[in-house]
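Trainee: Okay, sequence plus prediction incoming.
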Amino acid sequence: MALHREVGPTSIKCLPVESPFSSFKFVERRFSGRASVRRLFSLARSFGMQTLVVERIPARGIIRDENDEIRTYVSDYRMRSLVRLSFWKTKFDRPKGLKSCQSRHLIGYAILKHDIAPSRSVDEWHVFESVFRKYPHKHNCVPNPSNHVLAVGECDFSIPGVLYCQQNGLNKTCAHVALRSLLSRRPGTEDISYKKINELAASVSKGSSFDPSAGLTVQQISAVLRGFGVLFFAIDYREDPGAREDLPYQKFLYAGVESGAGALLGFHLSGPSVAGNDEGHIIPFYGHTFNKDTWAPDADVSYFNVGRDFGYFPSGSWTSSFLGHDDNFGPNFCVPRLYIKSEQADYVVELLNEGVTYSGAYAEVVSLRFLYSLLPKFQNSSNEWLKRLAEWAHPDRQQVVLRALSLPKERFVTHLEANQDWKGNQENPVVTDLLRKFLPTNLWVVEISLPHLFPANERKLGDIVLDASVPVNPKNLVDFRKFVVARVPGKYAFVSSVVRGKPRFLNIPSRIVSHMPVMKCG
């Protein structure tokens with residue numbers, strides 16, 4: 001139960017927001033013109049806000065826990081005010097109007113907190129948390145949004161979205177709020193308190209003192225993730241600067257957001273205001289945009305190279321921006337994929353779904369190796385799409401598209417059962433029943449497509465299925481223990497044996513003989 005969201009108000013006002021109501025004036029008068037709060041009102045306006053509900057609420061649940069925790073660090077701390085805002089598509093001017101509202105009318109909500117600590121020169125509002133609906137553009141992909149239940153007045157509502165939180169410089173910094181944002185999306189995860197985050201971070205702190213206002217180190221972030229039982233893949237570019245080129249952060253951001261677990265990026269700042277210091281920032285990412293008309297994949301002759309004889313187009317090449325929060329400015333921003341320069345990237349964390357032991361970027365590389373092992377079997381096929389796949393994957397061309405998704409086997413099998421290929425064929429139920437029994441619980445499914453098939457039609461030619469629970473060895477990517485099955489037009493291929501390092505495949509027929517839809521990111 002989320003007491004801080006479901007607590008009843010001590011006062012409530014319903015404000016119609018048509019002219020002459022001014023969001024700018026309201027934020028300036030009530031919340032000191034805070035940029036993050038302005039962003040909330042901008043989002044609400046863009047969704048067609050008709051009514052603003054303002055409630056004063058008491059501190060309950062994790063907010064009360066936060067207040068108690070801050071006092072252990074800052075003796076003169078006090079909370080001055082706590083307000084819950086909700087933004088509505090419908091128009092009403094009294095609380096009883098909420099009784100005719102439904103959850104679909106709710107644009108978003110925010111809990112705003114005013115903290116005072118004279119010894120720390122703190123006297124300001126911050127957004128304790130906020131959730132807004134995803135912008136309705138079909139190419140804004142946000143896999144696995146959480147559903148958040150809250151009370152407004154005497155009524156209960158729910159809203160899907162990704163939690164946004166803001167630091168206060170007392171018991172939480174940008175790393176704390178980024179972690180809470182992504183961890184709140186984990187299935188079965190209860191509301192996460194900053195007290196718990198700080199307890200986990202302090203457990204690996206050197207010395208006897210721990211000050212959360214100083215931020216979190218890489219080791220402390222790792223301890224927090226492990227403490228919540230989250231597997232992850234991380235690169236500290238400050239320890240290995242050469243990895244910035246060999247293992248670009250965009251690969252791991254994309255892998256994390258595409259599979260719905262999310263990713264973190266830490267970077268150092270630049271410009272006159274921070275020249276000469278080591279100031280850094282970290283933000284969470286949870287989605288991406290998809291631009292089918294982007295010029296980059298065709299123009300980029302140096303597409304991702306696995307080795308001299310192996311190349312492909314990652315599906316992330318059609319990503320224009322990552323979707324994320326910046327606690328300094330607000331929620332739900334598009335950050336251009338190449339905006340943060342590689343030399344500024346300090347630390348990237350790809351969160352992994354439950355039961356997954358290696359990165360989606362590695363899954364793509366591993367699957368490509370398996371695809372090339374299968375290529376000789378495609379050369380003399382009578383299937384026109386299998387011929388095209390062999391042509392585009394040929395060493396002289398190397399232009400297949402790969403897209404890695406981590407998911408449970410049931411979702412993959414259901415996807416095969418529910419879709420038809422271009423000719424209207426559906427998979428044989430005997431085959432899907434076999435897959436349901438045969439597949440391991442947690443998968444990397446790497447979809448295979450072609451450059452003019454994937455972006456324009458969002459369709460694929462096949463899948464390479466890997467066991468996500470078998471750890472990857474970067475020095476030995478061709479590990480057939482990870483390979484489960486490959487599906488290509490007209491057939492499935494299983495490894496029957498490996499002789500002198502070369503696999504032998506056992507084939508069974510598939511009724512899907514041409515291309516079919518890719519899996520939707522949501």
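Mentor: Noted; the coordinates are in hand.
Trainee: Please enumerate the helices of the stretch 401-522 of the chain.
Mentor: Remark: helices assigned in the stretch 401-522 of the chain by DSSP state H, counting those that start in this stretch are 409-418, 429-438, 454-457.
Trainee: closest one to Asp396 among these?
Mentor: helix 454-457 (20.6 Å; Cβ to Cβ). To be clear about C-beta, it is placed using only N, CA and C from the backbone, and glycine gets the same treatment.
Trainee: quick one: contacts of the closest one?
Mentor: Residues outside helix 454-457 that contact it (Cβ atoms under 8 Å, 6 or more residues apart in numbering): Lys292, Asp293, Thr294, Pro297, Ser315, Trp318, Val401, Arg403, Lys460, His515, Val518.
Trainee: Please apply the same query to stretch 385-399.
Mentor: Taking Cβ under 8 Å, 6+ apart as the rule, stretch 385-399 contacts 303, 309-313, 371-372, 375, 378-379, 381, 400, 448, 450-451, 461-462, 488-490, 513-515.
Trainee: go with 6 Å
Mentor: Asp309, Gly311, Phe378, Gln379, Ser381, Val400, Leu450, Pro451, Leu461, Val488, Pro489, Ser514 (Cβ atoms under 6 Å, 6 or more residues apart in numbering).
Trainee: Then stretch 199-213?
Mentor: Gly169, Leu170, Asn171, Asn198, Leu216, Gln219, Gln220, Ala223, Val224, Gly227.
Trainee: Next, the distance between the ends of it.
Mentor: End-to-end span of stretch 199-213 (Cα to Cα, to the nearest Å): 14 Å.
Trainee: tell me the mean pLDDT over it?
Mentor: Stretch 199-213 comes out with an average pLDDT of 87.
Trainee: What about Thr414, how many residues nearby?
Mentor: 13 (other Cβ atoms under 10 Å).
Trainee: Which pair of the contacts of helix 454-457 spans the longest distance?
Mentor: Longest span within the contacts of helix 454-457, Cβ to Cβ: Thr294 and His515, 20.6 Å.
Trainee: ok, these two, which is more surrounded?
Mentor: The neighbour comparison of Thr294 against His515 (other Cβ under 10 Å) goes to His515, with 22 against 16.
Trainee: Would you format the contacts of stretch 199-213 as TSV with secondary structure, distance to Arg60 and neighbour count included?
Mentor: Listed next are those as TSV, based on DSSP: H, G, I helix; E, B strand; the rest coil; distance: Cβ to Cβ, whole Å; neighbours: other Cβ atoms under 10 Å:
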residue	secondary structure	distance to Arg60	neighbour count
Gly169	coil	23	16
Leu170	coil	19	21
Asn171	coil	17	24
Asn198	helix	20	23
Leu216	coil	26	25
Gln219	helix	33	13
Gln220	helix	28	23
Ala223	helix	28	20
Val224	helix	24	25
Gly227	helix	24	15
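Trainee: List just the nearest of these to Ser19.
Mentor: For the contacts of stretch 199-213, the nearest to Ser19 is Gly169 (36.9 Å; Cβ to Cβ).
Trainee: gap between the closest one and Asp211?
Mentor: 11 Å (Cβ to Cβ, to the nearest Å).
Trainee: if I look at the two, which residues touch both of them?
Mentor: By Cβ under 6 Å, 6+ apart, no residue touches both Gly169 and Asp211.
Trainee: quick one on the thing from earlier: how about a markdown table for the contacts of helix 454-457, with pLDDT added?
Mentor: Shown next, in a markdown table, are these (pLDDT from 0 to 100):
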| residue | pLDDT |
| --- | --- |
| Lys292 | 78 |
| Asp293 | 74 |
| Thr294 | 74 |
| Pro297 | 65 |
| Ser315 | 89 |
| Trp318 | 87 |
| Val401 | 94 |
| Arg403 | 95 |
| Lys460 | 97 |
| His515 | 97 |
| Val518 | 96 |
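Trainee: Dump the residues you listed to TSV, plus distance to Val74.
Mentor: Formatted as TSV, the contacts of helix 454-457 follow (distance: Cβ to Cβ, whole Å):
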residue	distance to Val74
Lys292	51
Asp293	52
Thr294	48
Pro297	51
Ser315	47
Trp318	48
Val401	53
Arg403	48
Lys460	55
His515	60
Val518	51
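Trainee: Just the buried residues of those residues.
Mentor: Thr294, Pro297, Ser315, Trp318, Val401, Arg403, Lys460, His515, Val518 (16 or more other Cβ atoms under 10 Å).
Trainee: Surely the fourth one and Thr294 touch.
Mentor: Yes: distance between Trp318 and Thr294: 5.5 Å, which falls inside the contact criterion (Cβ atoms under 6 Å).
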